[in-house]
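>>> Sequence first, then the predicted structure, then my questions.
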Amino acid sequence: MNFPISRHRLTNVAADAVLIGLAWWLTFWLRFDRGVPPFYEHLLSWQTFVVVIAIKLTVFALFGFYNRWWRYVSTRDMWGATRGVVVASLLVDLTLYAFPPENTARLPRGVALIDMLLLLAFVGGSRLLARTLIERPASGLVARGKAVLVVGAGDAGGLVLRELQRNAKLGSTPIGLVDDDPRKKNLRVHGVRVLGTTSELRHILRETEPDEVLIAIPSASGELRGRVFDASAAEGIPVKTLPGLYELISGDIDLARQIRPVQVEDVLGREQVEVDLAAVAEYLSGQTVLVTGAGGSIGSELCRQISRLGPARIVMIDQAETPLHEIERELVDHGFTAALPVLGDVRSERKLRQVFEKYEPDIVFHAAAYKHVYLMETNPLESVSVNVLGTRTIAQLATEFEAKRLVLISTDKAANPSNVYGQGKAICEWIVEAFGARDDVSTRFCAVRFGNVLNSAGSVIPIFRRQIERGGPVTVTHPEMTRYFMTIPEAVSLVVQAGGIGGRGQVFVLDMGEPVAIAELAEKMIRLSGKEPGRDVEIKVTGVRPGEKLHEVLWNDGEVAAPTAHPKILVAGQAPVDPAWLEEQLAELERLVEEGETLELVSRLTAMVRAPRRLPASAHERIG
C-alpha cells in the first residue's frame, strides 16, 4: 500500500474516525432506545471504540479510501467505498463476536447490521456532500475510443476529465493522470488515478501504452511542455495540449473543445506572462482608440485585446484591404460592433488628418510599419517614408488634436542598429522621446521595444512550416543565429499595459526571456511534424543575408534598465536626443526621400545613429 502522509489524507482519516465512532454509538442508541443493558455496556467502552476505529480505518486504507480527493469522488469510487465499509464492518463484528470479554454477552446481530448501514450512509453521504458543495458535478457516461493519458491533475485537468468521460462524441477515455506534485500520486480525480510525476513519464507511458497524451495545464511553461513532448515522442505517442492562458481568455469556455496538437510556441521553454487586465482596462474604457497597421499581426491582435477592455470604439487604419476587412469582420462576429475600418496610408498626412478630425481619438497605437529586414535594405526610401516619416506625422497629429496617449510599436532591431530597418526604428523611438519631453504637449508618449513574435506574417515559423510541408529543406541562414521570441498575444498585452504606465517619452523594453537558437527551432518544428531532422527533412545553411545580425540585443550601449510596475516591462534610461537637431535631421531625410537619393539617404541614416546629439543628462528626467 502506497500511502504517503499529507494534510489532506490526515484530514480524511480524522473525519472517517469521527464517522465510525458516531455510527457505532448511534447504533446502540437506536437499538436500545431505553438504555443499553449492563451486559452490553463493554461495547461502548473507550477500549472498544479504539478497536472498532482502528480496524475500520485500516480496512479503509487498504481499500484505497485515501487515494482520492472527496471533491472528485465518482460512482466507481462509491462502489469501492461500499465494499470497504462492508468488509470493515464484518471484520469488526467477527472480532467482537469471537472474542467477547468474560461475563459479557456477545455482539447482537442487529447491532452489527445497523452499524454497517449507518456507517455506509455516513461514509457515502460525506463524500457525496463534499463533491456536491465543491464541484457540483454533472452526471454522464464514460466515453470509449482512444486511451488518453492526461498531464495535469489540477482544476483544468478535472474539467477536461469530466468532459472526456461525459461526452462520447470526443471518442476518448482517460486512463490515468500525471502531475508534478508528488503528493497527488495515487489520488483519484473523477475516478482516474494519478500514476506519478512527469519525471516518471517515460516509465508510465511504457506501462499504460496510451494512444495519446494530453497536457491539461493552461499555465504550463514551455519547459514542462517540452519535457512532456520529448518523453512522448521518444515512445512514439502523439501529444495534444490545452492552449495557453491568453488563448483560453479569448476562446471557447469549453476546455475539451480547445484541445489541439502541440505547437512549437508551446515548447520554447518560455514562462507565461501575466497582465493586470483591470489596470489596463481603466485607461482604455470608454475611449476612442486609433490603431494604425490594424490588419497586421500586431495591429490585429491589438484590436482583439482592446475590444475586450471596454473602449467606445476602435478606429482601424491599414492600407491593405483584405486584412483590414478580416479583422473588422472578426470583431463584429465576436460582438464588438464599434470597429471602424479606414483604408489609408500613414504616408498620407491629408488622410490621417481627416481621420483625426472625424474621430478625435483619445488613444493611439502606432503599429503601421514595414518590417522585413532584407526588403528594407533593398528599399530604403520606402522604409524611411513609412516607418520614420509616417511616425513623425502620427506624432504631430496626436499632439495637435490632443490625444491622451500615443504608444509606438518598436523592435529589438532598434538597439545598436546595423541595418536600414533598425536605424529607422531607432529614429522612431527618438521621435517619441522628443515629443514626450516637450513641456507644451499634453499627449503622453511611449515606445515599446520587443523582439520577434511567433507566427507573425512572414516570420520564420510560417516559413519553416511551409518548408517542412514540402519535405524540406528547411533553410537556416547561420547555425549559430539566435533570436528573442514572444507570442503575439503576450507581446500585445504587455504593449497595452505599457501604454498605461508611460507618459514622458519613455522607451519600454519587454523581458523576452532567453534567446532561442534558430537551428534548434528548426529541429523542434521538424520533430513536432513527426519527422526526424537530417533523415526525413534536411536543414540547409544558406548564409547571413544583408542587414542581418547573428545575435539580436534589446538594449543600446549606454542604456540603463530600470524596473516598472510590471516585472516583464523595463524602461530604458538614457538622455533623449536634442529635439531641434532631430527636426533638422528629419527634414533632411524627407528631402532625400522626395528626391529619391537612395545612397545619400542610407549614409545619412548611418551618420545619425552613430552620433546622435543628446540633451545633457540634467536637462530632462528620463525615468518617472
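Structure's in. What do you need?
>>> My guess is residue 444 contacts residue 405. True?
Yes. Counting by Cβ atoms under 8 Å, residue 444 does reach residue 405; the two are 4.7 Å apart. For glycine as for every other residue, the C-beta is placed from the backbone atoms N, C-alpha and C.
>>> Dump the C-alpha coordinates for the helix or strand where residue 302 lies into PDB.
For residue 302, the host element (DSSP states H and E) is helix 297-307. Output of helix 297-307 as PDB, limited to C-alpha atoms (Å, rounded to 0.1, in the frame of the first residue of the first chain):
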ATOM      1  CA  SER A 297      -0.100  40.600 -36.900                       C
ATOM      2  CA  ILE A 298       0.500  43.100 -34.000                       C
ATOM      3  CA  GLY A 299      -2.200  45.600 -35.100                       C
ATOM      4  CA  SER A 300      -5.000  43.000 -35.400                       C
ATOM      5  CA  GLU A 301      -4.100  41.500 -32.000                       C
ATOM      6  CA  LEU A 302      -4.200  45.000 -30.500                       C
ATOM      7  CA  CYS A 303      -7.700  45.400 -31.900                       C
ATOM      8  CA  ARG A 304      -8.800  42.000 -30.400                       C
ATOM      9  CA  GLN A 305      -7.400  42.700 -26.900                       C
ATOM     10  CA  ILE A 306      -8.600  46.300 -26.800                       C
ATOM     11  CA  SER A 307     -12.100  45.300 -27.900                       C
END
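>>> And the strands in the stretch 451-600 of the chain?
For the stretch 451-600 of the chain, the strands defined by DSSP state E, counting those that start in this stretch occupy 452-454, 474-476, 482-483, 485-487, 504-510, 516-517, 539-541, 560-563, 569-573.
>>> Among these, single out whichever gets nearest to residue 205.
strand 516-517 (27.2 Å; Cβ to Cβ).
>>> strands paired with the closest one, and their directions?
Using DSSP bridges, strand 516-517 pairs in its sheet with strand 482-483 (antiparallel).
>>> Contacts for the partner strand, please.
With contacts defined as Cβ atoms under 8 Å, 6 or more residues apart in numbering, strand 482-483 is touched by 451, 452, 460, 515, 516, 517, 518, 550, 551, 552.
>>> Pipe these into JSON lines and attach distance to residue 573, pLDDT and neighbour count per row.
Below are the contacts of strand 482-483 laid out as JSON lines (distance: Cβ to Cβ, whole Å; pLDDT from 0 to 100; neighbours: other Cβ atoms under 10 Å):
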{"residue": "451", "distance to residue 573": "20", "pLDDT": "81", "neighbour count": "22"}
{"residue": "452", "distance to residue 573": "24", "pLDDT": "77", "neighbour count": "21"}
{"residue": "460", "distance to residue 573": "31", "pLDDT": "80", "neighbour count": "23"}
{"residue": "515", "distance to residue 573": "23", "pLDDT": "81", "neighbour count": "18"}
{"residue": "516", "distance to residue 573": "27", "pLDDT": "82", "neighbour count": "24"}
{"residue": "517", "distance to residue 573": "30", "pLDDT": "85", "neighbour count": "15"}
{"residue": "518", "distance to residue 573": "31", "pLDDT": "86", "neighbour count": "22"}
{"residue": "550", "distance to residue 573": "27", "pLDDT": "83", "neighbour count": "13"}
{"residue": "551", "distance to residue 573": "23", "pLDDT": "82", "neighbour count": "11"}
{"residue": "552", "distance to residue 573": "20", "pLDDT": "78", "neighbour count": "20"}
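>>> between those, which is nearest residue 159?
For these, the nearest to residue 159 is residue 516 (31.8 Å; Cβ to Cβ).
>>> I figured the closest one hits residue 461, correct?
No. Using Cβ under 8 Å as the test, residue 516 is too far from residue 461 to be in contact (10.8 Å).
>>> thinking again about what came up before, for residue 444 and residue 405, list the residues in contact with both.
Taking Cβ under 8 Å, 6+ apart as the contact rule, residue 444 and residue 405 both touch residue 503.
>>> ok, residue 175 - contacts?
Per Cβ under 8 Å, 6+ apart, neighbours of residue 175: 147, 148, 149, 192, 208, 210.
>>> Burial check on the closest residue to residue 316 other than its chain neighbours, number of neighbours?
Nearest residue to residue 316, sequence neighbours excluded (Cβ to Cβ, 6 or more residues apart in numbering): residue 294, at 3.4 Å. A count of nearby residues for residue 294, using other Cβ atoms under 10 Å, gives 30.
>>> Equivalent analysis for residue 390, please.
Residue 390 has 24 nearby residues by other Cβ under 10 Å.
>>> gap between residue 520 and residue 485?
Residue 520 sits 11 Å away from residue 485, going by Cβ to Cβ, to the nearest Å.
>>> go on, residue 207?
36 Å.
>>> Between these two, which has more neighbouring residues?
Using other Cβ under 10 Å, the more surrounded residue of residue 207 and residue 485 is residue 485, with 27 against 12.
>>> Next one, pLDDT for that one please.
Looking at residue 485, its pLDDT stands at 78.
>>> just checking, it touches residue 453?
Yes. The pair residue 485 / residue 453 is scored as a contact, 7.3 Å apart, by Cβ under 8 Å.
>>> looking at this, residue 342 is in a helix?
No. Per DSSP: H, G, I helix; E, B strand; the rest coil, residue 342 lies outside any helix segment and is strand.
>>> beta partners for it?
Applying DSSP bridges, one finds that residue 342 bridges with residue 317.
>>> how about it, what does it touch?
So residue 342 contacts 315, 316, 317, 318, 355 (Cβ under 8 Å, 6+ apart).
>>> how long is stretch 379-392 from one end to the other?
19 Å (Cα to Cα, to the nearest Å).
>>> Give me the mean pLDDT for it.
96.
>>> Show me what counts as buried in that stretch.
For stretch 379-392, the buried set under the neighbour-count rule, 16 or more other Cβ atoms under 10 Å, comprises 379-381, 383-392.
>>> Could you tell me the end-to-end distance of stretch 381-392?
Stretch 381-392: ends 16 Å apart by Cα to Cα.
>>> Contacts made by it with the rest, please.
For stretch 381-392, the surrounding residues in contact (Cβ under 8 Å, 6+ apart) are 345-347, 366, 368-370, 376, 408, 420-421, 424-425, 427-428, 431-432, 586, 589-590, 592-593, 596, 598, 601, 605.
>>> Next: stretch 515-526.
Contacts of stretch 515-526 (Cβ under 8 Å, 6+ apart): 264, 267-269, 460-461, 464-465, 468, 474, 476-485, 532-533, 536-537, 539, 551-552.
>>> Excluding sequence neighbours, find me the nearest residue to residue 339.
residue 331 (4.2 Å).
>>> neighbours around the one you found, how many?
With other Cβ under 10 Å as criterion, residue 331 counts 23.
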